[in-house]
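Enquirer: quick check, what structure comes out for this input:
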Amino acid sequence: MKIYNLTAIIFSSVVPISCAEKVVKPISSNENPVKNQTESPAITENYDRDTAKALHDKACYKCHDLYKPKVYTDEQWVSIIKSMAPKANLNAEETSLVLHYVTSEN
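Expert: Numbers count the residues shown, from 1 in each chain. Just a heads-up that it's a prediction; the model follows:
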């Protein structure tokens, strides 16, 4: 009986935590990471919107619904992509490509 009660208590505390809304840390207003992130010559010269969109859709949809790029500002997207890229196993070039896609669609 004690094990059943303990299991019920643990389960009831884990479910709300795992279902909680995830919050993305905002960047400070004195930073301008968009300028630094989007000036990659390889991305701006060879940018293929369809490839970038496909990478964005594939990498992001694995874990959650896709958000329209206009939902967030460029600054918010930089923070979001920077925090999500490691979870999606994106390398630096892929991260820049996805970031360029979402900020260019704004």
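
Enquirer: find the nearest non-adjacent residue to residue 60, please.
Expert: Closest residue to residue 60 apart from its sequence neighbours, by CB to CB, 6 or more residues apart in numbering: residue 66 at 5.7 Å. (Glycine included, C-beta is placed from N, CA and C.)

Enquirer: gap between that neighbour and residue 92?
Expert: Applying CB to CB, to the nearest Å, the value for residue 66 to residue 92 is 22 Å.

Enquirer: the chain: helices as residue ranges?
Expert: 2-18, 33-38, 41-46, 49-61, 74-84, 92-104 (DSSP state H).

Enquirer: worst mean pLDDT among those helices?
Expert: Comparing mean pLDDT over the helices of the chain, the weakest stretch is helix 33-38, at a mean of 47.

Enquirer: mind listing what the nearest residue to residue 52 once chain neighbours are set aside touches?
Expert: Nearest in space to residue 52, with sequence neighbours left out and distances taken as CB to CB, 6+ apart, is residue 101 at 3.7 Å. Residues near residue 101 by CB atoms under 8 Å, 6 or more residues apart in numbering: 49, 52, 53, 55, 56, 69.

Enquirer: do residue 52 as well
Expert: Counting by CB under 8 Å, 6+ apart, residue 52 has contacts 97, 98, 100, 101.

Enquirer: verify the stated contact: the residue nearest to residue 60 with residue 54.
Expert: No - contact status for residue 66 versus residue 54: not in contact, 11.9 Å apart, counting by CB atoms under 8 Å.

Enquirer: OK, contacts around residue 69?
Expert: 77, 101, 102, 103, 105, 106.

Enquirer: what sits against the fifth one?
Expert: Residue 105 makes contact with 68, 69, 70 under the criterion CB under 8 Å, 6+ apart.

Enquirer: TSV for the residues you listed, including distance to residue 62 and pLDDT?
Expert: Output for those, formatted as TSV (distance: CB to CB, whole Å; pLDDT from 0 to 100):
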residue	distance to residue 62	pLDDT
68	18	90
69	18	91
70	22	92
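
Enquirer: return the member of those nearest to residue 85.
Expert: residue 69 (15.9 Å; CB to CB).

Enquirer: may I have the phi/psi pair for the closest residue to the closest one other than its chain neighbours?
Expert: Nearest residue to residue 69, sequence neighbours excluded (CB to CB, 6+ apart): residue 105, at 3.6 Å. Dihedral angles of residue 105 (phi, psi; degrees, to the nearest 10) stand at phi -90, psi -10.
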